[in-house]
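[1] following is a predicted model, sequence given first.
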Number of protein chains: 2
Amino acid sequence: MPIPQHLSLAIPESSLPRIVIVGGGFGGLNLAKGLRKTKAQVVLLDKNNFHTFQPLLYQVATAGLEPDSIAGPLRKAFDGQANYLFRMVKVTGVHPSKNEIETTVGSLSYDYLVMANGSVTNYFNKKDFRPKVLPLKRIVHALDLRSHILQNFEQAVMTKDEKELEKMMNIVVVGGGPTGVEVSGALAELKKHILPKDYPDLDFSQMKIHLIEGSDRLLNGMSDFAGKEALRYIGKMGINVQLNTFVEDYDGDSVKLNSGYIESATVIWSAGVRGNVVDGLDARSVERSRILVDEFNRVKGTENIFAIGDVAMMQSDKFPSGHPMVAPVAIQQGRHLANNLRRKISGSEFIPFKYFDKGSMATIGKNKAVVDMPNGMHFRGFMAWIIWMFVHIMYLIGFRNKLITLNNWIWSYFTYDKGTRLIIRTFNRKFLRRPAAINKI
Amino acid sequence: MPIPQHLSLAIPESSLPRIVIVGGGFGGLNLAKGLRKTKAQVVLLDKNNFHTFQPLLYQVATAGLEPDSIAGPLRKAFDGQANYLFRMVKVTGVHPSKNEIETTVGSLSYDYLVMANGSVTNYFNKKDFRPKVLPLKRIVHALDLRSHILQNFEQAVMTKDEKELEKMMNIVVVGGGPTGVEVSGALAELKKHILPKDYPDLDFSQMKIHLIEGSDRLLNGMSDFAGKEALRYIGKMGINVQLNTFVEDYDGDSVKLNSGYIESATVIWSAGVRGNVVDGLDARSVERSRILVDEFNRVKGTENIFAIGDVAMMQSDKFPSGHPMVAPVAIQQGRHLANNLRRKISGSEFIPFKYFDKGSMATIGKNKAVVDMPNGMHFRGFMAWIIWMFVHIMYLIGFRNKLITLNNWIWSYFTYDKGTRLIIRTFNRKFLRRPAAINKI
């Protein structure tokens, strides 16, 4: 797409070194915050104007929370930080030899470049059915998924054809990682507590939630204990799990598995993510869709380009194929790199990154969660669920988000109600006209 | 559009009389609630699955509230009400001779029909610029407007061309009724308290808010006192008002007024509404886009068709051109008609409707509101603003909405902050596929 004549990135010249950060996720946000007092010009680029707290996306999708509870404006995070500039653009390429990046509104030179643009849904080259499945990686996905599910029930009420009804009532979740497990659990709670009240004319014993996982366990990456307990909870909640099962095809009506077929109008694709690697880096520095970095998060073969978070692969004895693609790694690498860049600018040496594993957790439903502690201990049940809530609230940026989320959760806990089951499909007529050039979704 | 073969309205046969209500706004919602214990089958049809509290739409548009604060699921409002059926469809016509209505998924017979489908934005036959202006009548409009305004500022930051910048920084509000006045005021507060912090590289003295009104005063329909005080507040807040001024054309860049031109990328169209009259009624029962009804809200020339709220025109000595098109009329007519239909079904006579004027109010900004009391007294200032807030909170349906809205308002009051400045443009790829037939926006 041609760059509109009247637009430019308009970054003022500065005698300070320029640090360009691509992406305002957990990594980029914490890096930019860590550079607050560094003598540098910090430029943050993102195609959205907000940070998304992705671990709670599934709650937006299942009508538990509204987007503003889990998203924070990126500009607001830096109100009053003078050395900080935000531009809402998409980065389209990098030219390491020229120390320049390309964006949808022109190019920009950098002294230091940090790729923090995370990951995108991995469709494993299943191009044919990609437009037919529902991913769950961004706010718009969550809103679309919510509207899609509710709209299906509105349609189910009016469906006389048994086969069509079956399609409307079946939901297939692909991928038994944290997202797949959490969204299945939330859907099972909707099915049990909310939907029968809203749709008294539907028989919800006909509603089936299928969780499809390719490996032989749930929550890969967590302990065996966590995987087994999650499987037990999932079974208890009436979700049909198929392990060692792959999706081979989907035509919008029927899911073809290696073990058979499921009729469904709703396939939620949470089968995995891959690094969001921008064009222009040396092919030798990219492995399995992630950027190879050294122990300082510096991209292999470069001096002043860094990568952090999901998109980075820092290989080590303990992590031969890089760290897990989770928020804590991105947060810690962002903070650590801020420190290293500050040291570099003031003439000190880099310090190697060390990951501090704080444990991991997943929630399947009310009072149903699993926690792996870093010391090898495991929890499940009510206490695990309380810990899960506490940690998620603590990490939500900004007091306001915390307050609203807490409100919603307390309300849901005591009433089993969810507030936000609105079908809102915006019509983007207006946006086709104007700012398409600066931000292509 | 052809009706999909597998869909039907699927309304069960019943020995009870069937009351079909078209629209779940203030009128339809209160009517359906009032029929809770009536021996009738109540069928509510709406193209959305939620009720919208329209008086606060402007707060969603100006990033003060999220949609779930001002919208409530229509199904939830009737959880446990056995004689109530909801269908999310668009009504496309009525056949009085057959006692049938047409919808996007087929026809339905009725014993009593109530048109409660409110009003739509009135573009006064300005077809050319209709797709270029931003209405503010529905949730999607509010979300689109919010994203549009914020996106303009993101673009303004990167605009080097002075003329383009001017377009980005100018906002034109057309219509000086409550919506126009309230949205102008909220924009002026954004300009003063929020935007300069978020966009330190923009000069907000260049941001101009223009309020264009065709008559010689603001808040037509309220007292002279209210109009004058509103004008004073609006001036104090730095909004440019042009009275006796009309929009003649808009090409997406330049607004042509009868008094000159304003360059602007944002024209908010709050110039008025007109009744949303469905095809099929006798032309003699429709006047100036509203349905003529007698003192029982019965459509002229019919026995069993009624109209309430904005779409109805009940002419009387006191209201020669019908009641004002405001929420209290719709609420009262909905409740009154519920009572009358109950009486009818149990063999009693209709009672004529009498409008109880509770006064009217508008808010321009923090501590800035005007109130007309029904006894002819007027208020303005802090007390009026408190009354405005109290009344709006009281009328918001459902405790949950009240709690969240109150939270948001208290937060904004003390911090001058607004939480929800997210640019979210959903991509409705998925919705193009499937349920288009049952619900055309």
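    Cool, got the structure.
[2] pull the contacting residues for the residue of chain A most remote from its centre.
    Here chain A reaches farthest from its C-alpha mean at A:Lys160, the gap being 37.7 Å by Cα atoms, centre = their mean. A:Lys160 makes contact with B:6-8, B:10, according to Cβ atoms under 8 Å, 6 or more residues apart in numbering or on different chains. Every C-beta, even on glycine, is put in place using the N, C-alpha and C of the backbone.
[3] can you do 6 Å?
    Neighbouring residues of A:Lys160 by Cβ atoms under 6 Å, 6 or more residues apart in numbering or on different chains: B:Ser8.
[4] could you do the one 4 residues further on as well?
    When contacts are counted by Cβ under 6 Å, 6+ apart, A:Glu164 is found next to B:His6.
[5] what comes up buried for the helix or strand it falls within?
    Element membership for A:Glu164 (DSSP states H and E) is helix A:162-169. Using 16 or more other Cβ atoms under 10 Å in any protein chain shown as the test for burial, helix A:162-169 gives A:164-169.
[6] what is the nearest of the residues you listed to chain B?
    Chain B has its nearest neighbour among those in A:Glu164, at 4.3 Å by Cβ to the nearest Cβ.
[7] and the closest one, how far from A:Leu190?
    As judged by Cβ to Cβ, to the nearest Å, A:Glu164 and A:Leu190 stand 21 Å apart.
[8] number of residues surrounding the residue lying closest to A:Met314 once chain neighbours are set aside?
    Leaving out its chain neighbours, the residue that sits closest to A:Met314 by Cβ to Cβ, 6 or more residues apart in numbering or on different chains is A:Val293, at 5.1 Å. Number of residues near A:Val293 (other Cβ atoms under 10 Å in any protein chain shown) recorded here: 26.
[9] A:Val293 pairs with what?
    Beta bridges link A:Val293 to A:Val299 when assigned by DSSP bridges.
[10] hmm, stretch A:49-69 touching chain B?
    Yes: judged by Cβ under 6 Å from any Cβ of the partner chain, stretch A:49-69 comes into contact with chain B through A:49-50, A:66, A:68.
[11] kindly apply the preceding question to stretch A:184-196 instead.
    No: Stretch A:184-196 is not in contact with chain B by Cβ under 6 Å from any Cβ; minimum separation 8.6 Å.
[12] A:Phe306: neighbour count?
    Counted with other Cβ under 10 Å, the neighbours of A:Phe306 add up to 25.
[13] quick check, it in a helix?
    No: with DSSP: H, G, I helix; E, B strand; the rest coil as the criterion, A:Phe306 is located in strand rather than a helix.
[14] surely it meets A:Phe296?
    No: taking Cβ atoms under 6 Å as the definition, A:Phe306 is not a contact partner of A:Phe296, at 7.6 Å.
[15] A:Tyr335 is in contact with A:Leu31, isn't it?
    In this structure residue A:335 is Arg, not Tyr. No: with contact defined as Cβ under 6 Å, A:Arg335 does not count as touching A:Leu31 (7.3 Å).
[16] the more surrounded of the two?
    Between A:Arg335 and A:Leu31, counting by other Cβ under 10 Å, A:Leu31 is the more crowded of the two (31 against 17).
[17] next one: phi and psi at the more buried one?
    Backbone torsions of A:Leu31, given as degrees, to the nearest 10, read phi -60, psi -50.
[18] who's in contact with it?
    Contacts for A:Leu31 were tallied using Cβ under 6 Å, 6+ apart; they are A:21, A:334, A:337-338.
[19] what is the neighbour count of the residue nearest to it when sequence neighbours are not counted?
    Spatial nearest neighbour of A:Leu31, excluding adjacent residues (Cβ to Cβ, 6+ apart): A:Gly334 at 3.9 Å. By the measure other Cβ under 10 Å, the count of residues near A:Gly334 is 27.
[20] any idea how far A:Gly334 lies from chain B?
    21 Å (Cβ to the nearest Cβ, to the nearest Å).
[21] that residue contacts A:Gly27, doesn't it?
    Yes: taking contacts as Cβ under 6 Å, A:Gly334 lies within contact range of A:Gly27: 4.3 Å.
[22] what is in contact with those two at once?
    Residues touching both A:Gly334 and A:Gly27 (Cβ under 6 Å, 6+ apart) are A:Ile308.
[23] burial of A:Ser223, as a residue count?
    18.
[24] what residues are up against it?
    Residues near A:Ser223 by Cβ under 6 Å, 6+ apart: A:372, A:378.
[25] and if you look at the one 10 residues further on?
    By Cβ under 6 Å, 6+ apart, the contact set of A:Tyr233 is A:364, A:368.
[26] pLDDT value on it, please?
    pLDDT, A:Tyr233: 96.
[27] and it, backbone torsions?
    Backbone torsions of A:Tyr233, given as degrees, to the nearest 10, read phi -60, psi -50.
[28] likewise A:Ala384?
    The phi/psi pair for A:Ala384 (degrees, to the nearest 10) reads phi -60, psi -40.
[29] for A:Lys228, see how far away it is.
    Going from A:Ala384 to A:Lys228 by Cβ to Cβ gives 14 Å.
[30] next: A:Gly275.
    Per Cβ to Cβ, A:Gly275 is found 30 Å from A:Lys228.
[31] who's more crowded, these two?
    Per other Cβ under 10 Å, whichever of A:Gly275 and A:Lys228 has more neighbours is A:Gly275, with 25 against 15.
[32] quick check: that one touching A:Arg290?
    Yes: here A:Gly275 reaches A:Arg290: they are 3.9 Å apart, a contact under Cβ under 6 Å.
[33] OK, contacts around the closest residue to A:Asn297 other than its chain neighbours?
    The spatially closest residue to A:Asn297, leaving aside those adjacent along the chain, is A:Phe306, at 4.8 Å (Cβ to Cβ, 6+ apart). Applying Cβ under 6 Å, 6+ apart, one finds that A:Phe306 lies in contact with A:114, A:297-298, A:337.
[34] with A:Glu349 instead?
    Under the criterion of Cβ under 6 Å, 6+ apart, A:Glu349 has no contact partners.
[35] so it, which of the three states?
    Taking three-state DSSP, the label given to A:Glu349 is coil.
[36] domain parsing for chain A?
    A:18-47+A:89-121+A:274-345, A:130-271+A:359-415 (automatic domain parsing).
[37] weakest of these by average pLDDT?
    Among the domains of chain A, domain A:130-271+A:359-415 carries the lowest mean pLDDT, at a mean of 90.
[38] might you calculate how far that one sits from the centre of the chain?
    Computed by Cα atoms, centre = their mean, to the nearest Å, the chain-centroid distance of domain A:130-271+A:359-415 equals 15 Å.
[39] residues touching stretch A:264-283, excluding its own?
    Residues from elsewhere that reach stretch A:264-283 (Cβ under 6 Å, 6+ apart): A:91, A:93-95, A:117-120, A:122, A:133-136, A:152, A:167-168, A:170-175, A:179-180, A:250, A:255, A:286, A:289-290, A:301, A:311.
[40] just the buried members of those residues?
    Buried among the contacts of stretch A:264-283 by 16+ other Cβ under 10 Å: A:91, A:94, A:117-120, A:122, A:133-136, A:152, A:167-168, A:170-175, A:179-180, A:250, A:255, A:286, A:289-290, A:311.
[41] for the nearest residue to A:Gly24 once chain neighbours are set aside, give me phi and psi.
    Leaving out its chain neighbours, the residue that sits closest to A:Gly24 by Cβ to Cβ, 6+ apart is A:Asp46, at 4.0 Å. Main-chain torsions, A:Asp46, degrees, to the nearest 10: phi -150, psi 150.
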